[in-house]
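Engineer: Let's see this in three dimensions:
(chains A and B, ligands or ions: 2)
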Amino acid sequence: MSDSTQEINQIINQEYKQGFVTVLETDTFAPGLNEAVIHQLSAIKNEPDFMLAYRLHAFRHWQTLTPPTWAQVTIDAIDYQAISYYSAPKRKEDGPKSLADIDPEVLAAYKKLGIPLDEQERLAGIAIDAVFDSVSVATTFKGKLKEVGVIFCPISEALRDYPELIKTYLGSVVPHTDNFFAALNAAVFTDGSFVYIPKGVRCPMELSTYFRINAANTGQFERTLIIADEGSHVSYLEGCTAPMRDENQLHAAVVELIALRDATIKYSTVQNWYPGDKQGKGGIYNFVTKRAECRGDNSKVSWTQVETGSAITWKYPSCVLLGNNSVGEFYSVAVTNNYQQADTGTKMIHIGKNTRSTIVSKGISAGHAQNTYRGLVKVLKSAENARNYTQCDSLLVGDQCGAHTFPYLEVKQPSAQIEHEATTAKIGEEQLFFCQQRGLSAEDAVSMIVNGFCKEVFKELPMEFAVEAQALLGLSLEGSVG
Amino acid sequence: MLSIKNLTVNINEKVILNGINLEVNAGEIHAIMGPNGSGKSTLSHVLSGKPGYQITGGTIQYKGKNLVDMAPEIRAREGVFLAFQYPVEIPGVSNVYLLKAALNAVRKHQGLDEVDAMDFLSLVKAKIKTLDMDEKFLYRAVNEGFSGGEKKRNEILQMAILEPALCILDETDSGLDIDALKVVAEGINALRSSERAFIMVTHYQRLLDYIKPDYVHVLAHGQIVKSGGADLALALEKEGYGWLEQGQVSA
Ligand SMILES: Nc1ncnc2c1ncn2[C@@H]1O[C@H](COP(=O)(O)OP(=O)(O)OP(=O)(O)O)[C@@H](O)[C@H]1O
Ligand SMILES: [Mg+2]
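Structural biologist: Ligands and ions are numbered 1, 2, ... in the order given. Prediction:
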């Protein structure tokens, strides 16, 4: 290996900085999954009866399913009986009423992650729901949001406090019958965020959820539901990290977004789950079903994701464009390194008239990693004048990694306009040396090249996240020279 | 400025440069000619610090410092510039972004402030005009989809912005049409100064018609087998390299 290949690798192979473990007293279920576990789970969360019924129904369906095998990933069989389905920091009585009730170790963990939860240090303009293993430990700015009618709370709380909204919307976009992991999630989901933006309200701050896996041998089953009522607007961000462990851990999430007439939802993800070590040992299995329904006319949903973590990522944030003139967007940067595998992309389902969708996918592979884009653009007969633009670019760092592109197209409406562009480029030693010869350090050169490659996606991220995303790739543009 | 003594270089155990001696002073122009595969690009790469070459003997001093110990980007910041024989494409990175990052890297090294966006734009627009390039090239990705000649011109643009002390031009004239050759040669001549030296690798006299070298060296089998004045290039143009192959060694 030549010096500059080594240099590229050093830059890409930065240490995982969020890999610490917080030592806590926890309430953790013994590993195993059966109906008794689901009863126990529903009971510990004080859920209404309809939820228990919903879970059991999903569980019985899940038992009839087999894990999917179509994704371009290599995976050892998961033993679902070896996983614990609930782990939470021990708490007093009914759960924390204020930050004073939260285990200081948990607060310290979030602080260390750069997510301060205590009053004085809160990030201005961003409300945070902090999900630690199976429970939400804190939600900031709840009161302030309530003043304008915005509901932002852990979904476990919403199940108790807003049963009507839950009954109407939960599972309405991703039914438990959707796929293997969606069925499992419906049966055992523990926490996640619930957002409701009332008619005509523009949410006054960014909402965000920070997911942290801490306990060993547990799965995290996130469930998030966002409803934007007519004419409303919301921008939501999620971040994720986990400790470094030798065994794989499962994060199987379901996220449902509903945009009613004239509503806009912007959903951004910076996913940095532990990716496993350089030999491919450990890391999170990130199997996620994310789907949005643009139910009303002129509604819009925009997914932006920066996926740098996880041993295996398997996710396709999608948009069902039901309303006329509705708009779906998907902007994605997926970085895989060492032995990471990502099979990600989107589905845009055009049903309403004049619906438009944009897909911009940037895959970066380094080391021995495999990066797959899989996207479906489906235009139904009813979707007159539907338009889609897809751009799908791959960047290879070194020559032992792989990039794969699977665009699927199903068009039943002749007036549809579909455009697809795809490119593959490589950061080679020659490019790196060229930049160094012009005075840039190798680090700045890789950063410049990768940022240049990703900039169409980064510009879609809210400011704070764009900075975090660049830093994550080891790519601060301000990176000092020398 | 540059002093190369007994330089020997291997690639994967194979000897490519076999005892190069060369003295280059500020203000001078040296042309290096020689058959394909004789080691001209290798010498250019070694001077600019490209990885993959093993220096097995000899020394290279640049401005009194040991060049071999310097990282490639430090050499660049210290004023060593290589116009590549085959400039690479960098998709996604605009030309203007690269130019600015490069200029600021050099300026920072020299203890100067970063150039502000407005000043930079006027500088770059002035330079691009002298090279008869369309401003659109500034906003295109570095060399991506550029024609062979456009890439070469782009190298000279970078050189004009960075104002290096030692300019190494590896076959900058190859692939240029007649008009472009003239423009590029004028661009190079505009940079001539008593503070700056040029090493121009070329196969053709036509570049030297525009830029008269002080010295011409012939590289063959990894050695400088003949050195002379501007006339030597003319003789080579007429006679080819055959007459030098008899093992004659330069004075
Ligand atoms: N990576 C490499 N591996 C093996 N041999 C190499 C490598 N790079 C260069 N060489 C050899 O070194 C010798 C010198 O090459 P170099 O590119 O320096 O020649 P040159 O004088 O610039 O030729 P030209 O006039 O064609 O540009 C050639 O024989 C070439 O094949
Ligand atoms: Mg050459």
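Engineer: and chain A, which residues reach chain B?
Structural biologist: Proximity of chain A to chain B (Cβ under 8 Å from any Cβ of the partner chain) is limited to residues A:2-4, A:423, A:425, A:428-431, A:433-442, A:444, A:448-449, A:452-455, A:481-482. Quick note: C-beta positions are derived from backbone N, CA and C, even for glycine.
Engineer: can you give me the strands in the stretch 201-350 of chain A?
Structural biologist: A:206-212, A:223-228, A:233-241, A:248-259, A:264-271, A:283-294, A:300-307, A:312-315, A:318-321, A:327-336, A:341-350 (DSSP state E, counting those that start in this stretch).
Engineer: Rounded mean pLDDT for stretch A:185-193, please.
Structural biologist: In this model, stretch A:185-193 has a mean pLDDT of 91.
Engineer: what does stretch A:159-167 give?
Structural biologist: Here the average pLDDT along stretch A:159-167 is 94.
Engineer: For that stretch, C-alpha coordinates in CSV please.
Structural biologist: Taking C-alpha atoms only, stretch A:159-167 is exported to CSV below (Å, rounded to 0.1, in the frame of the first residue of the first chain):
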residue,chain,number,x,y,z
LEU,A,159,-50.4,6.5,23.8
ARG,A,160,-51.9,7.5,27.2
ASP,A,161,-52.6,11.2,26.6
TYR,A,162,-53.7,11.3,23.0
PRO,A,163,-55.3,8.0,22.3
GLU,A,164,-57.6,9.3,19.5
LEU,A,165,-54.7,10.7,17.5
ILE,A,166,-52.9,7.4,18.0
LYS,A,167,-55.8,5.3,17.0
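Engineer: Just the buried positions in it, please.
Structural biologist: Across stretch A:159-167, burial judged by 16 or more other Cβ atoms under 10 Å in any protein chain shown covers A:159, A:162, A:165-166.
Engineer: CSV for the residues you listed, including secondary structure?
Structural biologist: Below are the buried residues of stretch A:159-167 laid out as CSV (DSSP: H, G, I helix; E, B strand; the rest coil):
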residue, secondary structure
A:Leu159, helix
A:Tyr162, coil
A:Leu165, helix
A:Ile166, helix
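Engineer: which residues does the spatially closest residue to A:Lys281 that is not a sequence neighbour contact?
Structural biologist: Of all residues not flanking A:Lys281 in the chain, A:Asp246 sits nearest, at 5.5 Å (Cβ to Cβ, 6 or more residues apart in numbering or on different chains). If you count contacts by Cβ atoms under 8 Å, 6 or more residues apart in numbering or on different chains, A:Asp246 has them with A:277, A:281-282.
Engineer: Pull up the per-residue confidence for A:Ala342.
Structural biologist: 82.
Engineer: how many neighbours does it have?
Structural biologist: 31 (other Cβ atoms under 10 Å in any protein chain shown).
Engineer: Alongside ligand 2, which residues does the stretch 151-251 of chain B contribute?
Structural biologist: Applying Cβ under 5 Å from the ion, we find that the stretch 151-251 of chain B lies next to ligand 2 at no residue.
Engineer: ok, now with 8 Å
Structural biologist: Within the stretch 151-251 of chain B, the positions near ligand 2 by Cβ under 8 Å from the ion are B:170-171, B:201.
Engineer: Looking at neighbours, which among the residues you listed is most surrounded?
Structural biologist: B:Val201 leads those on contacts (other Cβ under 10 Å) with 25 neighbours.
Engineer: and it, what does it touch?
Structural biologist: Applying Cβ under 8 Å, 6+ apart, the residues contacting B:Val201 are B:31-33, B:40-41, B:44, B:85, B:168-171.
Engineer: And the buried residues of stretch A:159-167, which is closest to A:Gly231?
Structural biologist: Checking the buried residues of stretch A:159-167 against A:Gly231 by Cβ to Cβ gives A:Leu165 as the nearest, at 17.6 Å.
Engineer: measure the closest one to ligand 1 for me?
Structural biologist: 66 Å (Cβ to the nearest ligand atom, to the nearest Å).
Engineer: Could you find the closest non-adjacent residue to that residue?
Structural biologist: Per Cβ to Cβ, 6+ apart, closest to A:Leu165 is A:Tyr196, 6.1 Å.
Engineer: That neighbour and A:Val234 touch, don't they?
Structural biologist: No - applying Cβ atoms under 8 Å, one finds A:Tyr196 not in contact with A:Val234, separated by 9.4 Å.
Engineer: Show me whatever sits in contact with both of those two.
Structural biologist: By Cβ under 8 Å, 6+ apart, the residues touching both A:Tyr196 and A:Val234 are A:150, A:226.
Engineer: and these two? which has more neighbours close in?
Structural biologist: Legend: neighbour count by other Cβ under 10 Å for A:Tyr196 and A:Val234, higher for A:Val234 (25 against 22).
Engineer: Just give me the neighbour total for the closest residue to that one other than its chain neighbours.
Structural biologist: What sits nearest to A:Val234 in space, not counting adjacent residues and going by Cβ to Cβ, 6+ apart, is A:Cys203, at 4.2 Å. Neighbours of A:Cys203 under the rule other Cβ under 10 Å: 22.
Engineer: and if you look at B:Ser147?
Structural biologist: The local packing of B:Ser147 (other Cβ under 10 Å) involves 12 other residues.
Engineer: for it, what are its contacts?
Structural biologist: Contacts of B:Ser147 by Cβ under 8 Å, 6+ apart: none found.
Engineer: one more time with 10 Å, if that's ok
Structural biologist: B:153, B:175, B:177, B:180 (Cβ atoms under 10 Å, 6 or more residues apart in numbering or on different chains).
Engineer: swap in B:Lys182?
Structural biologist: Taking Cβ under 10 Å, 6+ apart, one finds B:132, B:176, B:206, B:209-210 in contact with B:Lys182.
Engineer: my guess is B:Glu114 contacts B:Ala102, does it?
Structural biologist: No - assessed by Cβ atoms under 10 Å, B:Glu114 is found out of contact with B:Ala102, at 11.9 Å.
Engineer: Between the two, tell me which one has more neighbours.
Structural biologist: B:Ala102 (22 against 14).
Engineer: where does the more buried one land on pLDDT?
Structural biologist: Reported pLDDT for B:Ala102: 96.
Engineer: In terms of secondary structure, what does the host helix or strand of it contact?
Structural biologist: Per DSSP states H and E, B:Ala102 falls inside helix B:95-109. Other helices and strands packing on helix B:95-109, by 3 or more Cβ pairs under 10 Å, 6 or more residues apart in numbering or on different chains; DSSP states H and E, are helix A:429-437, helix A:442-458, helix B:72-77, strand B:90-94, helix B:117-130, helix B:136-139, strand B:141-142, helix B:148-162.
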